[in-house]
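Colleague: sequence isn't available, so here's the structure alone:
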């Protein structure tokens, strides 16, 4: 398996623009997580899905952030409009059977908003 | 609720010396415990995990950790540090059931001196 695949690896955008980050989980995994990592705040859980249904979005910072999982093999995290404080590395992770096996992380998308 | 505390945001050891990264957890139920490693510009990678059974857990790259319930600890050790061990290490905990989320610590950056 190719692992969790995220795209793009790097994204530079101007403040106010819409940004879409993409994630393909490992085939057969039924949980998908979106995390944000910054120096100041560390690793933050934004939202997670089980069987394509959002279970907990309490970590989504504000209405500018939205996430979807239209099918078992694809998820998006959208920021509209983007702001400089959204600059961070965004990770997607997936697993099956909850936490027992741990999570498999993607390589991340480094977002820079200028 | 579960939580995890990593003692020391930065640890520096000499090459060949013992590596000890400290982690204490809080959980009202038997936990699952994890250690992850993150190399620069990469995602988090599972080093080892404890779910049930033997309390000394061996992981990849020569690392091991011991679950000590009486001390609520899950410290990570390696007998002899290599330069390639330089990375960020995250301790994590979950409720010990399949449906639970994994809660990550704030991370410890390990530096290796030549």
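Modeller: Good, I have the coordinates. Every value quoted in this text rests on a predicted model; they were computed, and no experiment measured them.
Colleague: CA only for contacts and neighbour counts going forward, please
Modeller: Fine.
Colleague: from chain B, how far off is the residue nearest the centre of chain A?
Modeller: Centroid-nearest residue in chain A: residue A:34, 3.2 Å away (criterion: CA atoms, centre = their mean). Applying CA to the nearest CA, to the nearest Å, the value for residue A:34 to chain B is 12 Å.
Colleague: I figured residue A:12 hits residue A:112, correct?
Modeller: Yes - using CA atoms under 8 Å, residue A:12 is in contact with residue A:112, at 4.7 Å.
Colleague: the two: which is more packed in?
Modeller: Legend: neighbour count by other CA atoms under 10 Å in any protein chain shown for residue A:12 and residue A:112, higher for residue A:112 (19 against 12).
Colleague: what helix or strand is residue B:90 located in?
Modeller: Take DSSP states H and E as the rule and residue B:90 turns out to sit in strand B:87-94.
Colleague: am I right that the residue nearest to the centre of chain A is in contact with residue A:92?
Modeller: Yes - between residue A:34 and residue A:92 there is a contact at 4.7 Å, judged by CA under 8 Å.
Colleague: partner strands of the helix or strand following the strand holding residue B:90 and their direction?
Modeller: Toward the C-terminus, strand B:87-94 is succeeded by strand B:103-104 as the next helix or strand (DSSP H and E). Strand B:103-104 pairs in its sheet with strand B:87-94 (antiparallel), by DSSP bridges.
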